[in-house]
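**Q** Okay, predicted coordinates and the sequence, questions at the end:
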Amino acid sequence: MSLQNSSPANLAPSSSSCGCGQHCSEADRDEAPKGEEQRLTRVVELAVVRAIFPHDPTRRAFLRKVGTGTALAAISQFFPLNSASEVFAQTAMPEKKDLKVGFIPITCATPIIMAHPMGFYSKHKINVEVVKTAGWAVIRDKTLNKEYDAAHMLSPMPIAITLGVGSNSIPYTMPAVENINGQAITLSIKHKDKIDPKAWKGFKFAVPFDFSMHNYLLRYFLAEHGLDPDTDVQIRAIPPPEMVANLRADNIDGFLAPDPVNQRAVYDGVAFIHTLSKEIWDRHPCCAFAASKEFVTTNPNTYAALLKAIIEATAFAAKAENRKQIAEAIAPTNYLNQPVTVVEQVLTGTFADGLGNVRRVPDRIDFDPFPWESFAVWIMTQMKRWGQIKGELDYSAIAKQVFLATDTTRLMEEAGLKAPKATSRSFAVMGKEFDPAKPEEYVASFAIKRAS
Amino acid sequence: MQLALALRAAMISLILFVVLIAVWHIGTRPIGPTIKLDPEYAKLMGSTVTQGKSAMPGPGDVGAKIWQHLQDPFYDRGTNERALAFSSSIPLRVC
């Protein structure tokens, strides 16, 4: 696109007449940089021209009169544009090429995992090793002691680590949500007559981790049905890979687990799916891609490449027609280690529910990377509600600090996803409206909660 | 009569082994389909439900898997999928 019109604000003009929708006209598309090197050269040229003519109308008039080619030729007499582009290209290279990213073998990590076999990481010139990890506490500890550069984490985990709940207080950031929806409340098949949650008094439930959406969603669900999650039932933390075995061995009566644990339990004939998490809160966040603030600031190019790869993978996974292909790519032993049909049932949304029915819910799991600050505020209200944090809390400041939307917006647009303008919005959980501007009132409005 | 004693001890070990494998095999035999399933549903379910295959593998399956691992002890199909030689050597590594 021509130098006159290019600025970050109008990189994707709404009235584009080019086929791909990103340029002002076909002529601009032909002129547009192809490939990373050309793009970087164009960025340097743009920066130099703007530095010489900071006043927009003057610059545009000049360029219109002289033509951009002539202008650049004249400028390069005084300023070494080529060397500048080379130096800039060098500084944009990733500082650290070999990275280790930990993951738990669940479909929540689909973008992080699929980026490995499907080439998203190698496309951005980083060599990422995705390391399967035994459980959430292990992934947290290995990321904190820097064995992993970044990791797949549960959305509340970066908040908990930043606040120093359950570990040392280290500033963490969460620039991208990995998946939305994608869990379910699954009960042992011997309880198939106990559909009404009021019959669940005395049950033992499992969730993957204390600081997880699963824990908060299960507690919310139970509380809405009149059960106190700490006195009427037992909730314990069990790593997802061990959940089906524990259910089979009768250590637990049910769980609110990430897929494919639910589907695998149904596949093995030991459980049935009671409620999909999207029926509790549609489009809730689940897992996240998290990195320490230190990693983000000391390795900005590596971080940018990694985040871009993951967001592109998320955009690819968001399309329904790609799901089958993704299921085949991530089912092998090196990644999820599940039968392909189990992963396919989760990703395509056509699944067996354990009670003899085949259900079709296409957004049983979906992928949308935007880290809404309102999600962070909701998570903190629930942490407060159940006594995981006590005392005063600056909800919006922590939300802004941990759920980093700045880079994500730009990268989402580059990957072809629509990024929202606001960073906060209200939503409803089980029919009850949540206003992120009033967190304390929300916490106080619940009948069942722990005393603060 | 040391030899006879050693021989008898060996015989008892062998008999115990055979009995154990036999009990294991009988305990994990497939029982056949228990309930009639709609074919579309059956396609989405595992063999434990559709064919009554035992959830715990029998001695034949375990033996086959051990043999498969012994035949190829050095494969490396990625960080999370490496052969016996890699995982068994971890306790032996000095550095």
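**A** Alright, I've got the coordinates.
**Q** where exactly do the helices run in the stretch 251-400 of chain A?
**A** In chain order, the stretch 251-400 of chain A shows helices spanning A:261-267, A:293-298, A:300-317, A:323-330, A:340-348, A:373-385, A:395-402, with DSSP state H, counting those that start in this stretch as the criterion.
**Q** Which stretch among the ones you listed is buried most, on average?
**A** Neighbour counts averaged per stretch over the helices of the stretch 251-400 of chain A are highest for helix A:261-267, at a mean of 28; criterion: mean count of other Cβ atoms under 10 Å in any protein chain shown. All C-beta atoms are positioned from the backbone trio N, CA, C, and that covers glycine.
**Q** is the longest helix seen in chain B anywhere near chain A?
**A** Across chain B, the longest stretch assigned as helix under DSSP state H is helix B:2-27. No - contact of helix B:2-27 with chain A is not found when judged by Cβ under 8 Å from any Cβ of the partner chain; the minimum separation is 15.6 Å.
**Q** next helix or strand past that helix?
**A** With elements assigned by DSSP states H and E, the helix or strand that comes after helix B:2-27 is helix B:39-43.
**Q** what helix or strand does A:Ile235 sit in?
**A** Counting by DSSP H and E, A:Ile235 is found in strand A:234-237.
**Q** Which positions within that strand qualify as buried?
**A** For strand A:234-237, burial by neighbour count (16 or more other Cβ atoms under 10 Å in any protein chain shown) applies to A:Ile235, A:Ala237.
**Q** do stretch B:52-67 as well
**A** Taking 16+ other Cβ under 10 Å as the basis for neighbour counts, the residues of stretch B:52-67 that come out buried are B:Lys53, B:Gly58.
**Q** which residues touch residue 48?
**A** Answering for chain A, as no chain was given. Under the criterion of Cβ atoms under 8 Å, 6 or more residues apart in numbering or on different chains, the neighbours of A:Val48 are A:Ile75, A:Phe79, A:Leu81, A:Ala84.
**Q** Let me rephrase: I mean chain B.
**A** Under the criterion of Cβ under 8 Å, 6+ apart, the contact partners of B:Thr48 comprise A:Asp268, A:Gly269, B:Ser54, B:Ala55.
**Q** My guess is A:Cys287 contacts A:Pro111. True?
**A** No - taking Cβ atoms under 8 Å as the definition, A:Cys287 is not a contact partner of A:Pro111, at 9.5 Å.
**Q** can you pull the contacts of the residue nearest the centre of chain B?
**A** For chain B, the residue lying nearest the average C-alpha position, counting by Cα atoms, centre = their mean, turns out to be B:Val62 (1.6 Å). By Cβ under 8 Å, 6+ apart, no residues touch B:Val62.
**Q** for A:Leu347, same thing?
**A** Applying Cβ under 8 Å, 6+ apart, one finds that A:Leu347 lies in contact with A:Thr107, A:Thr110, A:Arg323, A:Lys324, A:Ile326, A:Ala327, A:Ile365.
**Q** For the one residue in the stretch 51-200 of chain A that gets nearest to chain B, which non-adjacent residue is spatially closest?
**A** In the stretch 51-200 of chain A, the residue found nearest to chain B is A:Lys132; the distance is 4.1 Å by Cβ to the nearest Cβ. In space, and not counting its chain neighbours, A:Lys132 is closest to B:Asn80: 4.1 Å by Cβ to Cβ, 6 or more residues apart in numbering or on different chains.
**Q** what pLDDT does the one you found get?
**A** With respect to pLDDT, B:Asn80 has a value of 85.
**Q** and it, how many neighbours does it have?
**A** For B:Asn80, the number of neighbouring residues by other Cβ atoms under 10 Å in any protein chain shown comes to 18.
**Q** who in the stretch 301-450 of chain A is up against chain B?
**A** Counting by Cβ under 8 Å from any Cβ, the residues of the stretch 301-450 of chain A that sit close to chain B are A:332-335, A:339, A:341, A:345, A:350-352, A:356-358.
**Q** For ChimeraX, write the selection for the buried entries among those.
**A** Those of those that count as buried under 16+ other Cβ under 10 Å are selected in ChimeraX with:
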select /A:332,334,335,339,341,345,350,351,352
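**Q** Now flag whichever of the residues of the stretch 301-450 of chain A next to chain B is closest to B:Gln2.
**A** Proximity to B:Gln2 was ranked across these by Cβ to Cβ; first place goes to A:Thr333, at 49.7 Å.
**Q** pLDDT weak spots in chain B?
**A** Scanning chain B for pLDDT under 70 picks out B:1, B:34, B:89-90, B:93-95.
**Q** who touches the residue of the stretch 51-200 of chain A closest to chain B in this structure?
**A** Contacts for A:Lys132 were tallied using Cβ under 8 Å, 6+ apart; they are A:Phe103, A:Ile104, A:Pro105, A:Asn334, A:Tyr335, B:Thr79, B:Asn80.
**Q** Report the contact partners of the spatially closest residue to the fifth one that is not a sequence neighbour.
**A** Beyond its immediate neighbours in the sequence, the residue positioned closest to A:Tyr335 (Cβ to Cβ, 6+ apart) is A:Ile113, lying 5.0 Å away. With contacts defined as Cβ under 8 Å, 6+ apart, the neighbours of A:Ile113 are A:Phe103, A:Pro105, A:Val130, A:Ile330, A:Tyr335, A:Leu336.
**Q** May I see those residues arranged in CSV, with distance to B:Ile12 and pLDDT as well?
**A** As requested, those are arranged in CSV below (distance: Cβ to Cβ, whole Å; pLDDT from 0 to 100):
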residue, distance to B:Ile12, pLDDT
A:Phe103, 50, 95
A:Pro105, 44, 94
A:Val130, 50, 93
A:Ile330, 50, 94
A:Tyr335, 47, 93
A:Leu336, 45, 93
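**Q** From the contact counts, what lies against the helix or strand hosting A:Tyr220?
**A** With the criterion set as DSSP H and E, the secondary-structure element containing A:Tyr220 is helix A:213-224. Counting by 3 or more Cβ pairs under 8 Å, 6 or more residues apart in numbering or on different chains; DSSP states H and E, the packing neighbours recorded for helix A:213-224 are strand A:183-188, strand A:204-207, strand A:234-237, strand A:254-258, helix A:373-385.
**Q** what residues do A:Cys287 and A:Pro111 have in common as contacts?
**A** Overlap between the contact sets of A:Cys287 and A:Pro111, as judged by Cβ under 8 Å, 6+ apart, is given by A:Glu178, A:Asn179.
**Q** Roughly how far does the residue lying closest to A:Tyr121 once chain neighbours are set aside sit from B:Phe86?
**A** Nearest-residue entry for A:Tyr121: A:Val128, 4.2 Å, with adjacent residues in sequence omitted and distances by Cβ to Cβ, 6+ apart. Remark: distance between A:Val128 and B:Phe86 (Cβ to Cβ, to the nearest Å) = 20 Å.
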